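Undergrad: Based on what follows, work out the 3D shape:
(2 chains)
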Amino acid sequence: MSDLEIFRTIVTEFPYALLGSLVAALLCAYLGVYVVSKRVVFVGATLTQVAVAGIAFSHLPFADFEPLYGSIVFTVLVTLLFAWMLQSKSVPRDTVLGASFVAAIALRILMIQKSAAAEVSEIDAILKGDILFVTAQQFHLLLGVFIVLMLIHLVFYKAFIFVSFDAETATTQGFNSRVWEMVFYLTVGVAVSVATRVVGDVFVFGFLVIPAAGAILTARKVKNIFLLAILYAAIPPVIGLYLAFKLDLPAGPTTVTTGLVLLLVTWILSRFKH
Amino acid sequence: MKSQAQALVQFENVTLGYRRNVIAKEISFSIEEGEFVGIVGPNGSGKTTIVRAILGILKPQRGDIRVRGRSSERLRIGYVPQRDSIDPIMPFTVSDVVIMGRYGRLGMIRRPTSKDRAAAIEALKHVDLLDQAASSYRDLSGGQKQRTLIARALAAEPDMLILDEPTNGMDLASRTAIMELIKHFHAEHGMTVLMVSHLLSDVANYVKKIMLVEPQFFQVGSVEEILSEANLTRVYDLPVMVGEWMGTKVIIARGKSV
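TA: All right, here's what the predicted structure looks like:
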């Protein structure tokens, strides 16, 4: 199969894989700028595992509902818990995240053990990052979430950026930093839960970190960081899907690896520039 | 003497704390318009708690806090936090940081206008940092970062400037420059200033009124009344000497063994 035929097959046979991974990558990349700059990268790792645990929960024999709901409920509940506990100084932040991370993985393994074999394969597909079979319904839901969350972030840009830079002073100026931190973590929680259901945990965590890291390495202005992060996020899904087809690899990890190579090249070029 | 109704901030028998942990009990003081007030005290004595109450972040458990004689009125405060509390990974420019001082005026949704940008430029001129407006905040020296944060506070066109340890961790030259800048604003622009500091000599030479905060104990008065050798020796549990050299007050602590 020629390169052109591969691209044509992706666009005609798997359009939602391409569009879904692009939208998920852009959403994660935008939120990732805050996640990386707040130094809460491990929140992303933990929430993706919580989302998978929520999906596993929905496959238990007594739970008969759409896996996406399990993912959203689990992630939002844990996000609220994080937002509350991460502001407390009595429990170390990494302890909260570490305990949640390992609890989510342990719960997921236990729940998979008790699920029907056919449904285990669906969770396996998410864990392997098999994004080729994204459905139209999943894509439209992801697109809706993308539009709503981006609107919230663009309308309240000042509040998010001020609280992220200096929460104490923001509060003195009428921006309740506790509330805005909670809103921020909720937007990340909703984005992670929906995106993980569609494109898998490795993809979501990868795109929460890699594009933001690349953008922060190269941008000289804050506004450019968001634009560059979106640019870095837009390239790997296209190349990753192409490589996955050509080399018969799982698309999610291939896309993330492509992003990592791009980050490495960016880092080397930025070193030369300096 | 000004009447109580004219006080910018008036604390009347105010008790402050966090749930059952009372930090300051039934304290009363006033800050008049145009005053330069210092807050000193040992670590953990409750200085920050009092500042949080003035900022309106912490509600009193008992008592009344009035602004210009009214309980419902809120002050517009230009707050300068400890610069070490800000750790930006993102490349905020100096002007990005200073324009944040206008955000409180703009509310949640409105974007900065040319008027806000003009106020930010004016604030940068005041702290002599206009030529650094496009520089990255994270690459500045400690003194330049502090001046940027002061410019951000000034950009809010505040009723009062509150500075938390503004000279902490600075070398002598930067420390003097920052203190002179604050003094200039107080003297030339009649700005009401409240400064929290561990450095007693800084406070003694610049402020007129001083609050000395101790756990469960609070004093307010003139520098001479509060920063006396006997008072400081008792508060810090160390022999403290208060003197004057070429018109400058000097406060030195000697070790207990001396």
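Undergrad: out of everything not next to it in sequence, what's closest to the residue in the stretch 51-200 of chain B positioned nearest to chain A?
TA: Closest to chain A within the stretch 51-200 of chain B is B:Gly104: 3.2 Å, counting by C-beta to the nearest C-beta. C-beta here means a position set from N, CA and C on the backbone, and glycine is covered the same way. The spatially closest residue to B:Gly104, leaving aside those adjacent along the chain, is A:Gln173, at 3.2 Å (C-beta to C-beta, 6 or more residues apart in numbering or on different chains).
Undergrad: which ones are touching the one you found?
TA: If a contact means C-beta atoms under 8 Å, 6 or more residues apart in numbering or on different chains, then A:Gln173 has A:162, B:79, B:100-101, B:103-104, B:156 as its contacts.
Undergrad: next one: A:Val120
TA: By C-beta under 8 Å, 6+ apart, A:Val120 lies in contact with A:59, A:112.
Undergrad: Which pLDDT value does the model give it?
TA: Looking at A:Val120, its pLDDT stands at 71.
Undergrad: any idea how far chain B is from it?
TA: 40 Å (C-beta to the nearest C-beta, to the nearest Å).
Undergrad: Assign a three-state SS to that residue, would you?
TA: Here A:Val120 is recorded as helix under DSSP: H, G, I helix; E, B strand; the rest coil.
Undergrad: Skip ahead from the worst-scoring helix or strand of chain A on mean pLDDT and say which helix or strand is next.
TA: When the helices and strands of chain A are scored by mean pLDDT, DSSP states H and E, helix A:117-128 comes last with a mean of 70. Toward the C-terminus, helix A:117-128 is succeeded by helix A:136-155 as the next helix or strand (DSSP states H and E).
Undergrad: what's the neighbour count on residue 92?
TA: Just so you know, I chose chain A. 10 (other C-beta atoms under 10 Å in any protein chain shown).
Undergrad: right idea, wrong chain: chain B
TA: Neighbours of B:Phe92 (other C-beta under 10 Å): 23.
Undergrad: which one is it nearest to, not counting chain neighbours?
TA: Per C-beta to C-beta, 6+ apart, closest to B:Phe92 is B:Tyr137, 4.7 Å.
Undergrad: where do the helices sit along the chain?
TA: Using chain A. A:3-13, A:15-37, A:41-58, A:67-85, A:93-113, A:117-128, A:136-155, A:157-172, A:177-199, A:201-218, A:222-247, A:251-273 (DSSP state H).
Undergrad: I was thinking of chain B, sorry if that wasn't clear
TA: With DSSP H as the criterion, chain B has helices spanning B:47-55, B:94-99, B:103-106, B:114-126, B:142-155, B:172-189, B:200-206, B:223-226, B:229-236.
Undergrad: which parts of chain B sit against chain A?
TA: B:55-57, B:77, B:79, B:81, B:85-93, B:96-97, B:100-101, B:103-104, B:106-109, B:111, B:136, B:152, B:156 (C-beta under 8 Å from any C-beta of the partner chain).
Undergrad: from those residues, which ones fall inside strands?
TA: Mapping these onto strands (DSSP state E) picks out B:77, B:79.
Undergrad: Select only the buried ones of the residues of chain B next to chain A in PyMOL?
TA: Only the buried entries of those go into this PyMOL selection, using 16 or more other C-beta atoms under 10 Å in any protein chain shown:
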select buried, chain B and resi 55+77+79+81+86+88+89+90+91+92+93+96+97+100+101+103+104+106+136+152+156
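Undergrad: Quick check: the residue of the stretch 51-200 of chain A nearest chain B.
TA: For the stretch 51-200 of chain A, C-beta to the nearest C-beta, closest residue to chain B: A:Gln173, 3.2 Å.
Undergrad: Residue numbers of the stretch 51-200 of chain A in contact with chain B?
TA: Residues of the stretch 51-200 of chain A lying near chain B (C-beta under 8 Å from any C-beta): A:155-156, A:158-159, A:162, A:165-166, A:168-175.
Undergrad: show me where pLDDT drops low in chain B?
TA: Within chain B, the segments meeting pLDDT under 70 span B:1-5, B:255-258.
Undergrad: make that chain A, sorry
TA: A:86-89, A:117-119, A:128-129, A:274.
Undergrad: rerun that using 80 as the cut-off
TA: For chain A, residues meeting the criterion pLDDT under 80 lie at A:1, A:61, A:63-65, A:83-91, A:93, A:114-133, A:271-274.
Undergrad: List the residues that contact the residue most central in space within chain A.
TA: Per C-alpha atoms, centre = their mean, the C-alpha nearest to the average position across chain A is that of A:Val204, at 3.1 Å. By C-beta under 8 Å, 6+ apart, the contact list for A:Val204 reads A:24, A:28, A:44, A:48, A:51, A:192, A:195-196.
Undergrad: swap the cut-off to 6 Å and go again
TA: Contacts for A:Val204 (C-beta atoms under 6 Å, 6 or more residues apart in numbering or on different chains) come out as A:28, A:48, A:192, A:195-196.
Undergrad: how near is A:Leu68 to A:Gly206?
TA: Per C-beta to C-beta, to the nearest Å, A:Leu68 is found 21 Å from A:Gly206.
Undergrad: Which one of those two is surrounded by more residues?
TA: A:Gly206 (28 against 21).
Undergrad: Show me which of the contacts of A:Gln173 is closest to A:Thr254.
TA: A:Phe162 (38.4 Å; C-beta to C-beta).
Undergrad: Give me the neighbour count for the residue lying closest to B:Ile54 once chain neighbours are set aside.
TA: Spatial nearest neighbour of B:Ile54, chain neighbours left out: B:Val9 (5.9 Å); criterion: C-beta to C-beta, 6+ apart. By the criterion of other C-beta under 10 Å, B:Val9 has 23 neighbours.
Undergrad: B:Gly243 too?
TA: Using other C-beta under 10 Å, B:Gly243 has 10 neighbouring residues.
Undergrad: and what of the one 10 residues further on?
TA: When neighbours are defined as other C-beta under 10 Å, B:Ala253 has 14 of them.
Undergrad: can you pull the contacts of it?
TA: B:Ala253 touches B:238, B:240, counting by C-beta under 6 Å, 6+ apart.
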